[in-house]
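Visitor: What follows is a protein structure lacking sequence information:
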């Protein structure tokens, strides 16, 4: 019987890949006040160049958030108002918000329960002549099961593909980075992602015209406020401290709050409610780009640790007759988190075997709130409904 008490498994949940050297660099950036040098953009350009090399793609454009990168891609596609964009019902609110902000109509599809990506059969049922884009979500760093079939369907019907790689930096299909086979892709560098720069988004495209438009959108976008960039770095420090000592972390939180260094809100209250807001695309600040470069330089080590921990979880899931995501022969996932469909009594067993303090994530709602376009109903998406009630995801770092 498996009893795991391996020190490689971290019982914290939201520290992403933040390590001591990252904190040391943050302190140096804050001391040098490099966060005020946003107009220079030398670190931003360096980050884009290094990402081009890492992902082996032609064009990379950075923005202050991944949702900004998605909005930029949608705007760059120059679709017609009310054109339809298919997205899965099991997703983050900011994805559908970006579609709405860009003036297009989100159409929901169900997910499959092997990798929790969009289901090809559901996509085919939802597609119409007005469908211009399908967003393929690669959840938890896992390549979507139906990826090739969706690519083929889109090609046959003149539909463009955007890869949602917010959680999947480093994942590959057929030995190519996600985004290399589609019109575009976007990645996230928010503090809980593979690269935890506090925030930041990346738009990728190999299409010449789309890349030209993305470049123009990036050039025309404003800089973020210096205070936002500085407070984001303090937020990364606080998360790092909190996950090593809750008491210490609480002390940092209270001190930062009193000194006006509050953590920037990741999802605005209006966004969460589905209220319409204007386009908010902004450039990535120099300070966060500098931190992202530091983490990109050690990404192979990061992936190796995640793979090791995912191996422990998969062994445990197999022993306890719980299904878990498996790559096909063409896919290479990186496991930002390890998702499982699990029952209540199995959660008790999970805590017994991995430690009572192990944290796990659980999504409580689909979308809800706001316009009717943000309210997929569970009854219409049976697999998404199952995931809503029974899916948990475990930390892999």
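Guide: Now that the structure is in, tell me what you want to look at. Quick caveat, the model's predicted, so the values are computed rather than measured.
Visitor: Please make it C-alpha for all contacts and neighbour counts, starting now.
Guide: OK.
Visitor: what about the stretch 1-150 of the chain, any weak spots by pLDDT?
Guide: Applying pLDDT under 70 to the stretch 1-150 of the chain flags residues 1-16, 33-39.
Visitor: can we see that at 90?
Guide: Applying pLDDT under 90 to the stretch 1-150 of the chain flags residues 1-18, 31-41, 82, 92-94, 97, 101.
Visitor: what ranges do the strands span in it?
Guide: Ranges of strands in the stretch 1-150 of the chain, per DSSP state E, counting those that start in this stretch, are 59-63, 84-88, 105-109, 131-137.
Visitor: Next, format those strands as TSV and append mean neighbour count and distance to residue 337.
Guide: Below are the strands of the stretch 1-150 of the chain laid out as TSV (neighbours: other Cα atoms under 10 Å; distance: least, Cα to Cα, whole Å):
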stretch	mean neighbour count	distance to residue 337
strand 59-63	26	24
strand 84-88	25	19
strand 105-109	24	23
strand 131-137	24	14
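Visitor: Would you mind giving the ones you listed as a markdown table with distance to residue 339 added?
Guide: Below are the strands of the stretch 1-150 of the chain laid out as a markdown table (distance: least, Cα to Cα, whole Å):
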| stretch | distance to residue 339 |
| --- | --- |
| strand 59-63 | 28 |
| strand 84-88 | 17 |
| strand 105-109 | 20 |
| strand 131-137 | 14 |
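Visitor: quick one: which of these is nearest residue 374?
Guide: Residue 374 lies closest to strand 105-109 among the strands of the stretch 1-150 of the chain, at 8.0 Å (Cα to Cα).
Visitor: Can you say which of the strands of the stretch 1-150 of the chain is nearest to residue 78?
Guide: Residue 78 lies closest, by Cα to Cα, to one member of the strands of the stretch 1-150 of the chain: strand 131-137, at 10.7 Å.
Visitor: and that closest one, what does it pack onto?
Guide: strand 84-88, strand 160-165 (3 or more Cα pairs under 8 Å, 6 or more residues apart in numbering; DSSP states H and E).
Visitor: Measure how the first one sits relative to strand 105-109, angle-wise.
Guide: Yep, that's strand 84-88 we're talking about. 40 degrees (axes from the mean of the first three to the mean of the last three Cα atoms, to 10 degrees).
Visitor: What lies in contact with strand 84-88?
Guide: For strand 84-88, the external contacting residues (Cα atoms under 8 Å, 6 or more residues apart in numbering) are 96, 99, 104-111, 117-118, 123, 126-127, 130-137.
Visitor: same thing but 6 Å
Guide: Outside of strand 84-88, the residues within contact range by Cα atoms under 6 Å, 6 or more residues apart in numbering are 104-110, 118, 130-135.
Visitor: From the residues you listed, pick the one nearest residue 222.
Guide: Closest to residue 222, out of all of the contacts of strand 84-88 and judged by Cα to Cα, is residue 104, at 23.3 Å.
Visitor: any idea what sits nearest that closest one, other than its immediate chain neighbours?
Guide: Distances taken as Cα to Cα, 6 or more residues apart in numbering put residue 82 closest to residue 104, at 4.5 Å, once the chain neighbours are dropped.
Visitor: was I right about the one you found contacting residue 107?
Guide: No - judged on Cα atoms under 6 Å, residue 82 makes no contact with residue 107 at a distance of 10.8 Å.
Visitor: export the contacts of strand 84-88 to JSON lines and tack on distance to residue 44?
Guide: Output for the contacts of strand 84-88, formatted as JSON lines (distance: Cα to Cα, whole Å):
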{"residue": "104", "distance to residue 44": "30"}
{"residue": "105", "distance to residue 44": "32"}
{"residue": "106", "distance to residue 44": "32"}
{"residue": "107", "distance to residue 44": "34"}
{"residue": "108", "distance to residue 44": "35"}
{"residue": "109", "distance to residue 44": "36"}
{"residue": "110", "distance to residue 44": "37"}
{"residue": "118", "distance to residue 44": "33"}
{"residue": "130", "distance to residue 44": "37"}
{"residue": "131", "distance to residue 44": "34"}
{"residue": "132", "distance to residue 44": "31"}
{"residue": "133", "distance to residue 44": "29"}
{"residue": "134", "distance to residue 44": "29"}
{"residue": "135", "distance to residue 44": "26"}
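Visitor: Mind checking what helix or strand follows the longest helix along the chain in sequence?
Guide: In the chain, with assignment by DSSP state H, the single longest helix is helix 299-319. Once helix 299-319 ends, the next helix or strand along the chain (criterion: DSSP states H and E) is strand 331-332.
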